[in-house]
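1. Sequence plus predicted model, see below.
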Amino acid sequence: MTKKEIKDIKNSHLVSILQTFSKKEIRETRKWLHSPIHNQREDVVDLFDYLVSGNHLWEDKFLQKERIFRKIFPQESYNDAKLRQSIHFLLKSLESYLITKQLQEDTIQAKMALVSIYRKRKLTKAFQKTINEVQDLQNSATHQDEQFHRNEYLLQQERYLFLEGQKKRNIPMNLQEMSDALDTTFLADKLRQACLMLSHQKVYRTEYKIGLFQEVMLHIEENDFLNIPAISIYYYIYKAITEGNDQSHFENLKLQIQNNGQLFPPEEIRDIQLMAINYCIGQANRGGGDRFIREAFELFKLGFATQVFIENGSYVNHYTYRNAVAAALRMKEFDWANSFIHDFRDYLDDNYREPFFLHSLARLKFESKQYDEAMRLLISTNFDDLLINLHAKTMLLKMYVELDEDDALEHLLESLRTYIHRKKVMGYHKENYQNIIRYTRKMSRINPFSKKEVASLRDEIKAANPLTEREWLLEQLNNM
């Protein structure tokens, strides 16, 4: 069987890269391609100009290979190999532009590359001048994350390689400084990685082996490393997650976020605050009550007030949006939730905007006891997202219970059980929704006049884990 001929380039790396380019990057790339240092092929320039013209990158008809060939080689018959060669050279030129752009935007990395060049060329004065400039940049750095410490190690390494190349026995070496910088970099990176692995396995029930970690924690505790924010903030995240009953770790984590949050780049402090929020939600689900939901809500408020949760100034993750609404509603902060739902609607990705907006609005109506409006929104909206759909069904379940709609409730419980099995819901979520079904069904069939049965079920619900609807189920039992 012959390989199917590809007739367009809509799924190519070249098109996917160009679709991310801003107008400024297109202008810069055009200048780049016109420079003989970077490109000497006119067909590459013509191909670039064609692709970035009008709406060519977004409409399939403009990405047909034969159509493209006619535009850049108007006097020739179609030659697929020749077109592929043009595409190849344009792609390589774009990659070179992006690498150079990335290096230029990171001043320290750019100067470190220059330091290495001067050292290898034995240009002592240029080396000394440039490495001093790097040190000044380090001393005035806004962020002190793991990359900051890695840069310090690389700087010390360049100093050592320069001194070692002098071949003079009486020159003091910086081996201790280089070793200390390497230790700090390793510990910061190891702790961050451990926290990411721990957070992931909590959700997906995946087991990771975090090598050397007990030794790492012991080394941190026995030495003076907790004064380094890039280490201490992840140390307290790890301790909070693994020693949840000792709430001092979470209090220390909050202080770290409050006092040192500005020392981390936006994407990293966002991850840190989300880890703290997930810890709070986990504690609340284990019976920690509204205290931890309040903590999560305050972290959400802080994250949106400081725009930490607004990625690239224009985008909010749909799950972060949903969870912020959930925390606000749990705290009966209806006015804040209503404003938030509408104010941040347009920050959601186009693919998620309407379902997550409507689900959040339905949730607000449900929590404020506007059941008719909540049901209308839930029943009339198709929620493709698995977790959103599960939560929508849970809201309907709770309304059926509170409105004594027994037949509708039984049908929904069976439908929800089948849905979980068919969709292969994983890990924590599967166990949680199975528990919701199990205890809602038991509650609907219990003899409300039997104090013994009610007490026994109450004890089961209190002991069940995970169970996000624990408080609601206990409230329904109390109302029997």
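-> Here it is on my side, so go on.

2. Let me see the contact set for residue 47.
-> Residue 47 is in contact with 68, 72, 86, 87, 90, counting by C-beta atoms under 8 Å, 6 or more residues apart in numbering. C-beta: built from backbone N, CA, C; applies to glycine.

3. neighbour-wise, which of the residues you listed leads?
-> Using other C-beta atoms under 10 Å as the neighbour criterion, residue 90 leads those with 24 neighbours.

4. Which positions in whichever strand or helix holds it come out as buried?
-> Assigned by DSSP states H and E, residue 90 belongs to helix 80-105. By 16 or more other C-beta atoms under 10 Å, the buried positions in helix 80-105 come out as 83, 86, 87, 89, 90, 91, 93, 94, 97.

5. quick one, what contacts the fourth one?
-> The neighbours of residue 89, taking C-beta under 8 Å, 6+ apart as the test, are 39, 41, 44.

6. one more time with 10 Å
-> Going by C-beta atoms under 10 Å, 6 or more residues apart in numbering, residue 89 touches 33, 39, 40, 41, 43, 44, 47.

7. where's it relative to residue 76, distance?
-> Look at residue 89 and residue 76: by C-beta to C-beta, to the nearest Å, they are 17 Å apart.

8. In contact with residue 393, which residues?
-> Contacts of residue 393 were listed using C-beta under 10 Å, 6+ apart, and they are 378, 383, 412, 413, 415, 416, 419, 420, 433, 436, 437.

9. on that earlier part again, got JSON lines for the buried residues of helix 80-105, with distance to residue 153 too?
-> Converted to JSON lines, these look like this (distance: C-beta to C-beta, whole Å):
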{"residue": "83", "distance to residue 153": "46"}
{"residue": "86", "distance to residue 153": "43"}
{"residue": "87", "distance to residue 153": "40"}
{"residue": "89", "distance to residue 153": "38"}
{"residue": "90", "distance to residue 153": "37"}
{"residue": "91", "distance to residue 153": "34"}
{"residue": "93", "distance to residue 153": "33"}
{"residue": "94", "distance to residue 153": "32"}
{"residue": "97", "distance to residue 153": "29"}
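
10. from those, which two are the most distant?
-> 83 and 97 (21.2 Å; C-beta to C-beta).

11. Tell me the buried residues within the contacts of residue 393.
-> Looking at those with 16+ other C-beta under 10 Å, the buried ones turn out to be 378, 383, 412, 413, 416, 419, 420, 433, 436, 437.

12. what's the lowest-pLDDT member of those?
-> For those, the model is least confident at residue 383; its pLDDT is 80.

13. Look at that residue and tell me its secondary structure.
-> Under DSSP: H, G, I helix; E, B strand; the rest coil, residue 383 falls in the coil class.

14. What residue, apart from its backbone neighbours, is nearest it spatially?
-> residue 389 (4.3 Å; C-beta to C-beta, 6 or more residues apart in numbering).

15. Can you pull out the low-pLDDT segments for this structure?
-> Low-confidence segments of the chain (pLDDT under 70): 1-4, 203, 425-426.

16. domain ranges for it?
-> Following automatic domain parsing, one finds the domains of the chain at 13-105, 398-480.

17. out of these, nearest to residue 269?
-> Of all the domains of the chain, domain 13-105 sits nearest to residue 269, with 19.8 Å by C-beta to C-beta.

18. what's the span of the closest one from first residue to last?
-> Across domain 13-105, the terminal residues are separated by 23 Å (C-alpha to C-alpha, to the nearest Å).

19. Repeat that for stretch 342-352.
-> Start-to-end, stretch 342-352 (C-alpha to C-alpha) is 14 Å.

20. Tell me which residues touch residue 143, please.
-> Here residue 143 is in contact with 229, 230, 262, 263, 264, 265, 266, 268, 269 (C-beta under 10 Å, 6+ apart).

21. from the contacts of residue 393, which single one is nearest residue 175?
-> Looking at the contacts of residue 393 and their distance to residue 175, the nearest is residue 433, at 56.9 Å (C-beta to C-beta).

22. Now whichever strand or helix holds that closest one - C-alpha only, CSV.
-> Assigned by DSSP H and E, residue 433 belongs to helix 427-445. Provided in CSV are the C-alpha atoms of helix 427-445 (Å, rounded to 0.1, in the frame of the first residue of the first chain):
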residue,chain,number,x,y,z
GLY,A,427,-8.9,8.0,40.4
TYR,A,428,-10.2,10.4,43.1
HIS,A,429,-13.1,11.5,41.0
LYS,A,430,-14.4,8.0,40.4
GLU,A,431,-14.3,7.1,44.1
ASN,A,432,-15.9,10.5,45.0
TYR,A,433,-18.9,10.1,42.7
GLN,A,434,-19.4,6.5,43.5
ASN,A,435,-19.6,7.5,47.2
ILE,A,436,-22.1,10.3,46.3
ILE,A,437,-24.3,7.8,44.5
ARG,A,438,-24.0,5.2,47.2
TYR,A,439,-24.9,7.4,50.1
THR,A,440,-27.6,9.3,48.3
ARG,A,441,-29.3,6.1,47.4
LYS,A,442,-28.9,4.8,51.0
MET,A,443,-30.4,8.0,52.3
SER,A,444,-33.3,7.9,49.9
ARG,A,445,-34.2,4.4,51.1
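
23. Tell me the buried residues in that helix?
-> Here helix 427-445 shows 428-440, 443 as buried, counting by 16+ other C-beta under 10 Å.

24. Among those, which one lies nearest to residue 318?
-> Using C-beta to C-beta, residue 429 comes nearest to residue 318 of the buried residues of helix 427-445, at 16.3 Å.

25. residues near the spatially closest residue to that closest one that is not a sequence neighbour, how many?
-> Residue nearest to residue 429 in three dimensions, not counting chain neighbours: residue 387, with 6.7 Å by C-beta to C-beta, 6+ apart. Residue 387 has 14 neighbours, counted by other C-beta under 10 Å.
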